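K.L.:
Sequence below, structure please.
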Amino acid sequence: MLRPHITQLTELDIRAREIFRGIVETYLATGEPVGSRTLSLQGIGLSPATIRNTMSDLANMGLLDAAHISAGRAPTHQGIRLFVDGLLEVSEIDEAQKSEIDARMESASGDISNALSEASNIVSTIAGAAGLVTTPNREAAIRQVEFVAIGHEKVLVILVFDDGQVENRFIDTPNGISASQLQESSNFMNFHLRGRTLSEALNETITQLKLAERELDEVAQRLIQDGFAQWAGVQNNEKRKLIVRGRANLLNNPDLHLDLERVRILFDELEKKQDLIQMLDAAKDGSAIKLFIGAESPLFALSGSALIAAPYMDSRNRVVGALGVIGPTHINYARVIPIVDYTAQMLTKMLSNRGFIT
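P.N.:
So this is what the prediction gives:
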């Protein structure tokens, strides 16, 4: 099924499409409502009266805002989405910007935290907006699982990962457990889970336990299930962070500078880090740039902001995080999209060259 905005684009005739493109491109360049006379003077080849009639039709379609009818019209969030998806011509990132990004990422390549912070700084500085990046998911493979008796009523669960990290968790065993049952549980987990990531292992544990119900001792089954609950806690307790840079750039935006309430709302939104992490995680579903424009996201419904985000990967080509820019909805998409995309690629390259596995 076609998305609604694509259907609307096909319904625009050549004149309406040309006027719509002119309005959005001018609005994105200036941040101001666009009047019919402005378009006429740009050489669009139509009279102001004709342009006004078409603008009225576009407003009825929900693509233009009627709030500025005396001074001109601005595209709605729906209209910007239509333009970005169907009419935007993304520019190439120039060699000078590539060199700057390469040099800055290289200078920060000694430490993953520094690299993430610098990537956020880069997109913030070049785009003139707020940059943000999520710390990566930890997805190292499991090397070994061991169950070790500690006294009569406790068992220590040990998970050793390929990256050398070790996780220890205790399980209560009120009725005690034999050495053979501990060994049976360890053998089962190592056979089925070695070489898998923690998230893969959690899913596999459920599947394999159901298949092996008749083969495993009842105590061993319960021990594995309790261990599974502990591992789920390990995964859920891994708090991911959001690194935000360049908030001050938002104050330089003339559109927001005149509306202090919108500035306050936008800064409040930047503090809702878990919500922003969830939005950036949506950019991890695939390898392409993702855009969230204004009211498309409940988070930006009041401030009228936009988020441009791109995923980055580890040395195994697994998407583990995302890098993005937040700015006004009239941000220069054609210029900013390739900057975010290229910086995310350089972050991926740095992680791959250093063999970084999350």
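K.L.:
Work out which residue lies at the spatial centre of this protein.
P.N.:
By C-alpha atoms, centre = their mean, the chain has its centre lying nearest to residue 280, at 1.8 Å.
K.L.:
how many neighbours does residue 100 have?
P.N.:
Residue 100: 14 surrounding residues under other C-beta atoms under 10 Å. (Glycine included, C-beta is placed from N, CA and C.)
K.L.:
ugh, wrong one, residue 269
P.N.:
Residue 269: 21 neighbours (other C-beta under 10 Å).
K.L.:
Secondary structure element holding the nearest residue to residue 190 once chain neighbours are set aside?
P.N.:
The shortest distance from residue 190 to any non-neighbouring residue, by C-beta to C-beta, 6 or more residues apart in numbering, is to residue 145 (5.5 Å). Element membership for residue 145 (DSSP states H and E) is strand 142-150.
K.L.:
got the CA positions of whatever helix or strand comes next after that strand in PDB?
P.N.:
Note on strand 142-150: by DSSP H and E, the next helix or strand toward the C-terminus is strand 154-161. What follows is strand 154-161, C-alpha atoms only, in PDB (Å, rounded to 0.1, in the frame of the first residue of the first chain):
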ATOM      1  CA  LYS A 154      23.300 -20.500  46.400                       C
ATOM      2  CA  VAL A 155      24.700 -20.900  42.900                       C
ATOM      3  CA  LEU A 156      26.900 -18.400  41.100                       C
ATOM      4  CA  VAL A 157      26.100 -18.000  37.400                       C
ATOM      5  CA  ILE A 158      29.200 -16.900  35.400                       C
ATOM      6  CA  LEU A 159      29.000 -15.500  31.900                       C
ATOM      7  CA  VAL A 160      32.200 -15.000  30.000                       C
ATOM      8  CA  PHE A 161      32.100 -13.000  26.800                       C
END
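K.L.:
Now do strand 154-161 and strand 142-150, the angle between them.
P.N.:
Taking axes from the mean of the first three to the mean of the last three C-alpha atoms, to 10 degrees, one finds strand 154-161 and strand 142-150 inclined to each other by 160 degrees.
K.L.:
count of residues packed around residue 348?
P.N.:
Residue 348: 23 neighbours (other C-beta under 10 Å).
K.L.:
Next up, the contacts around it.
P.N.:
Contact partners of residue 348, counting by C-beta atoms under 8 Å, 6 or more residues apart in numbering, are 312-314.
K.L.:
out of those residues, who has the most neighbours?
P.N.:
residue 312 (26 neighbours).
K.L.:
so that residue sits in a strand?
P.N.:
Yes. According to DSSP: H, G, I helix; E, B strand; the rest coil, residue 312 belongs to a strand.
K.L.:
do you know how far the spatially closest residue to residue 267 that is not a sequence neighbour is from residue 314?
P.N.:
Closest residue to residue 267 apart from its sequence neighbours, by C-beta to C-beta, 6+ apart: residue 247 at 6.8 Å. Separation of residue 247 from residue 314 (C-beta to C-beta, to the nearest Å) stands at 28 Å.
K.L.:
go on, residue 76?
P.N.:
For residue 76 relative to residue 314 (C-beta to C-beta), the value is 39 Å.
K.L.:
Please apply the same query to residue 78.
P.N.:
As for residue 78, its distance to residue 314 is 36 Å (criterion: C-beta to C-beta).
K.L.:
Could I get the full set of strands for the stretch 151-300 of the chain?
P.N.:
Ranges of strands in the stretch 151-300 of the chain, per DSSP state E, counting those that start in this stretch, are 154-161, 166-172, 242-245, 290-293.
K.L.:
And those strands, which one averages the lowest pLDDT?
P.N.:
Ranked by mean pLDDT, those bottom out at strand 166-172, with a mean of 79.
K.L.:
quick one on the thing from earlier: can you tell me which of the strands of the stretch 151-300 of the chain comes nearest to residue 347?
P.N.:
strand 242-245 (11.8 Å; C-beta to C-beta).
K.L.:
hmm, who's touching that closest one?
P.N.:
116-117, 120-121, 124, 130-135, 270, 273, 276-277, 280.
K.L.:
Relative to it, what are the paired strands and their orientations?
P.N.:
strand 130-134 (antiparallel) (DSSP bridges).
K.L.:
what residues does the partner strand touch?
P.N.:
So strand 130-134 is contacted by 116-117, 119-125, 240-247, 249-250, 270, 276-277, 280-281, 321-327, 347 (C-beta under 8 Å, 6+ apart).
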